[in-house]
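Peer 1: please work out how this folds:
(chains A, B and C)
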Amino acid sequence: MTRAIEQQLETDRMILNFGPHHPATHGTLRIIMELEGETVVKATPEIGYLHSGFEKLGEDLDFNQYITITDRMNYLSPLCNNVAYALSAEKLMDLEVSKRTEYIRVLMCELSRIADHLLNVGMLAVDLGAMTAFLYGFRVREDIYDLFEIATGTRLTTSYTLVGGLMRDIPEGFDKAVQKVLEEVEDVANDIETLLNKNRIWHDRTKNIGIISKEDAITYGISGPMARASGIDWDIRVNESYSIYEDFDFDVAIALNGDVFDRYLVRMEEIRQSIKICRQSLDRMPTGNVIIDPDFGFSLPPKDEVYNSIEGLIYHFEVTMPNRGMTPPIGEAYVPTESPNGELGYYIVSDGNRTPYRVRTRPPSLMNYSIFSKLIEGHMLSDAPAILGSINVIAGELDR
Amino acid sequence: MLIEQTLAQIEEKFPNSILENTEFAGEQILHVKGQHILKVLTSLKANGFNFLADLTAIDNLTLGGYERFAVSYHLLCHKTADRLTVKAYVSDKKPSLPSVESLWKTADWQEREVFDLFGIKFKGHPNLVRIMNPDDYDGHPLRKDYPRLGRKERYDFPIVDRGINKQKRTE
Amino acid sequence: MPFGTACCGIEFMAVLAARTDISRFGAEAIRFSPRQSDLLIVAGRISIKMMPVLIRIYEQMPEPKWVISMGACASTGGVFDTYSVIQGIDNFIPVDVYVPGCPPRPEGVVESLMKIQNLIDKEKLSDYTLSSSK
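Peer 2: Modelled structure (predicted):
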């Protein structure tokens, strides 16, 4: 009797719109899914809902003014974007910054990496129902925001670096504050791992979901923790060392399966390695200036010289006024850096004027997200938030 | 080592595709004619450059160069950590290039973005539609002759008023 | 109902989290469905592709409804004076409270919520009736 009913019950595919405004999509993403029952047969992502014309703006803004725009791309770790842009611009103009600047840049990048990974793990947990990891992570993120506020002035959109150095030096007592926050981060990381690592529900929902093979990862241009979770041994801080990362001693976390659980483990281990790098940076911080000599005509002099001496004012005007400004050489530069999401770099083309001719961001989120439609086929609808959370899509970087 | 060997090989194999071979700030740039880019990239991929890091375009309207549009491909070799930039030049009369999506799947979305923002078509691409701007958008924003403030598309929406008989509140 | 698109969305999440806790002000229940909410918080820049979505969500909310425009980008377009960013949602949607900042501090968002609560206190029932029935 039941078999006769089953044969008469024909089902059609349902088209579901996982819309641009949805609690589980991190930002403005839209996925059009065809479902057969609960299983996803085909998924088409649509992006561009946050396209703001960053690259068009870059052609009208100065080299130093564009740094304020780079904060708004990957807004979970804005200092990494600032450092990446400054490195590209310095390579283009062939400037060498002081050692103290490099150490502070590394310290800030690693603190942002900790903040980004904590938020990503927290959002992945919230989407799967585990709210506690989100609240723990955010509490310690507020302490990291306090550190950013002491050093740069604001919590989120920092604009800390300049072409040739930093905007201002870190104040006295900053290293003690950082040491205290690093201990709290270690406690929170231990707590989150205790809650989630051996949790039966977490294993059921994240193991063997969204497996990326090594060949797929290379073809789809995936980099960062997602690629390392699939077994690719590539970390730009180690293999193509930039800034001053050669002087630091840390390990690279690699996992072999490539599923959501492995990406979570790789990110938690990277938090611990970042704590190690921060401590080394504080121990070895040299003294010195944080901005190169303004005689070269590329950097802004310190503010007390601008207000109190005539040379400082003249150098300031030479760099910022509309009919003067920097004179970079004609050419192009690209420096790949390791952001929390993957390979981030700014490709700057200059034609000799005070504004760049073309500024292009290599967005790690765009490359990482393009594999999503392949990953979700065959999985159930409730695996979609898990996979999206582990990819760490940030809409600001995706759409620019 | 890999880069010099590879460049020498490529120049031997495709003498009439390569326009020039320059260097700036320690990086090598290979300038190629637009229609031959698929052959050159296939040969480079076979030589060890297995990762396509970035695909973008530059509008050379005021900069000058061989043609108006230059599509640049940034390649990386994982084994030797070498990077190479390849630029393919396309003129602006019906600009079109062969698609490299068959070599690297990451080129799929990036070529769509170049089509959307510059108007360069890619032959052999499976799904060449706009990706960043709305589907009915007119024009290619990142060209140098397109104004930054746009052509009034951002004012083109209906105005929604408040509910019944509610006036605008003041404190 | 938070309509968070960009960086202001992250600051809004910080408003909900432990240090600045908006549930102290009676606003703990965050609902993502427009049919069940009465306050829309637009946090972040709105592009031309996203604007029809915002208008549709605003129209789906039942009366009475209020709108907070959080951040510089939602209020006036912010730093992005380009072809693709709406220069202020109040060109198309009625807005009640604007919160300046890029991004605004969480305390600023809490103050805006308190301003909405004050505005609601001063309302009369005759604001919502048709004029012919007076």
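
Peer 1: residue contacts, residue 56?
Peer 2: Let's take chain A. Residues in contact with residue A:56, defined by CB atoms under 8 Å, 6 or more residues apart in numbering or on different chains, are B:141, B:142, B:148, C:82, C:83. (C-beta placed from N, C-alpha, C; glycine too.)

Peer 1: look at chain B instead
Peer 2: Residues near residue B:56 by CB under 8 Å, 6+ apart: A:347, A:360, B:71, B:72, B:110, B:114.

Peer 1: among those, name the buried ones.
Peer 2: A:347, A:360, B:71, B:72, B:110, B:114 (16 or more other CB atoms under 10 Å in any protein chain shown).

Peer 1: looking at those, which is nearest residue B:49?
Peer 2: Distance to residue B:49, by CB to CB, is smallest for residue B:72 among these, at 14.2 Å.

Peer 1: tell me the secondary structure at that closest one.
Peer 2: Judged by DSSP: H, G, I helix; E, B strand; the rest coil, the three-state class of residue B:72 is strand.

Peer 1: name the element the residue nearest to it when sequence neighbours are not counted belongs to?
Peer 2: In this structure, residue B:72 finds its nearest non-sequential neighbour in residue B:87, 4.8 Å apart by CB to CB, 6 or more residues apart in numbering or on different chains. Element membership of residue B:87, judged by DSSP states H and E, is strand B:82-90.

Peer 1: and the helix or strand just after that strand, what's buried?
Peer 2: Using DSSP H and E, the helix or strand that follows strand B:82-90 in sequence is strand B:96-98. Within strand B:96-98, the residues that qualify as buried are B:97, B:98, counting by 16+ other CB under 10 Å.

Peer 1: quick one: contacts of strand B:96-98?
Peer 2: The contact list for strand B:96-98 (CB under 8 Å, 6+ apart) reads B:34, B:35, B:37, B:38, B:71, B:88, B:90, B:120, B:121, B:122, B:123, B:124.

Peer 1: with the flanking residues excluded, which residue is spatially nearest to residue A:37?
Peer 2: Counting by CB to CB, 6+ apart, the residue nearest residue A:37 is residue A:11, at 7.0 Å.

Peer 1: does the one you found touch residue A:39 like I think?
Peer 2: No - the pair residue A:11 / residue A:39 is not scored as a contact, 11.6 Å apart, by CB atoms under 8 Å.

Peer 1: surely residue B:52 forms part of a strand?
Peer 2: Yes - assessed by three-state DSSP, residue B:52 belongs to a strand.

Peer 1: just to revisit the earlier point, settle this for me: the residue nearest to residue B:72 is touching residue B:67, isn't it.
Peer 2: No - in this structure residue B:87 lies outside contact range of residue B:67 using CB under 8 Å: 10.1 Å.

Peer 1: who has more neighbours, the two?
Peer 2: For residue B:87 and residue B:67, the more surrounded residue by other CB atoms under 10 Å in any protein chain shown is residue B:87, and the numbers stand at 22 against 15.

Peer 1: that one bridge partners, please.
Peer 2: residue B:31, residue B:72 (DSSP bridges).

Peer 1: one step back: out of the contacts of residue B:56, which is nearest to residue A:73?
Peer 2: Nearest member of the contacts of residue B:56 to residue A:73, counting by CB to CB, is residue A:360, at 11.9 Å.

Peer 1: bridge partners for that closest one, pull those for me.
Peer 2: Residues in beta-bridge contact with residue A:360 (DSSP bridges): residue A:347.

Peer 1: how much space separates it from residue B:126?
Peer 2: In this view, residue A:360 and residue B:126 are 24 Å apart by CB to CB, to the nearest Å.

Peer 1: same question, residue A:192
Peer 2: Separation of residue A:192 from residue B:126 (CB to CB): 41 Å.

Peer 1: cool, residue C:38 as well?
Peer 2: Counting by CB to CB, the gap from residue C:38 to residue B:126 is 45 Å.

Peer 1: next: residue C:102.
Peer 2: 40 Å.

Peer 1: residue 12: neighbouring residues, count only.
Peer 2: Since no chain was named, I'll use chain A. Neighbour tally, residue A:12, other CB under 10 Å: 6.

Peer 1: nope, chain C
Peer 2: Number of residues near residue C:12 (other CB under 10 Å) recorded here: 24.

Peer 1: again, but for residue A:68
Peer 2: There are 15 residues near residue A:68, going by other CB under 10 Å.

Peer 1: just to be sure, it is in a helix?
Peer 2: Yes - per three-state DSSP, residue A:68 lies within a helix segment.

Peer 1: run through the residues that contact the nearest residue to it once chain neighbours are set aside.
Peer 2: What sits nearest to residue A:68 in space, not counting adjacent residues and going by CB to CB, 6+ apart, is residue A:159, at 4.6 Å. Residues near residue A:159 by CB under 8 Å, 6+ apart: A:67, A:68, A:71, A:78, A:82, A:152, A:167.

Peer 1: the second one is in contact with residue A:158, isn't it?
Peer 2: The one in question is residue A:68. No - if you go by CB under 8 Å, residue A:68 and residue A:158 don't touch, sitting 9.4 Å apart.

Peer 1: which residue does chain B bring closest to chain A?
Peer 2: residue B:106 (3.1 Å; CB to the nearest CB).

Peer 1: that residue contacts residue A:218, doesn't it?
Peer 2: No - here residue B:106 does not reach residue A:218: they are 9.2 Å apart, not a contact under CB under 8 Å.

Peer 1: give me the more crowded residue out of those two.
Peer 2: Using other CB under 10 Å, the more surrounded residue of residue B:106 and residue A:218 is residue B:106, with 25 against 22.

Peer 1: give me the neighbour count for the closest residue to that one other than its chain neighbours.
Peer 2: Spatially, and ignoring its direct neighbours in sequence, residue B:106 is nearest to residue A:221 (3.1 Å; CB to CB, 6+ apart). Residues lying near residue A:221 (other CB under 10 Å) number 29.
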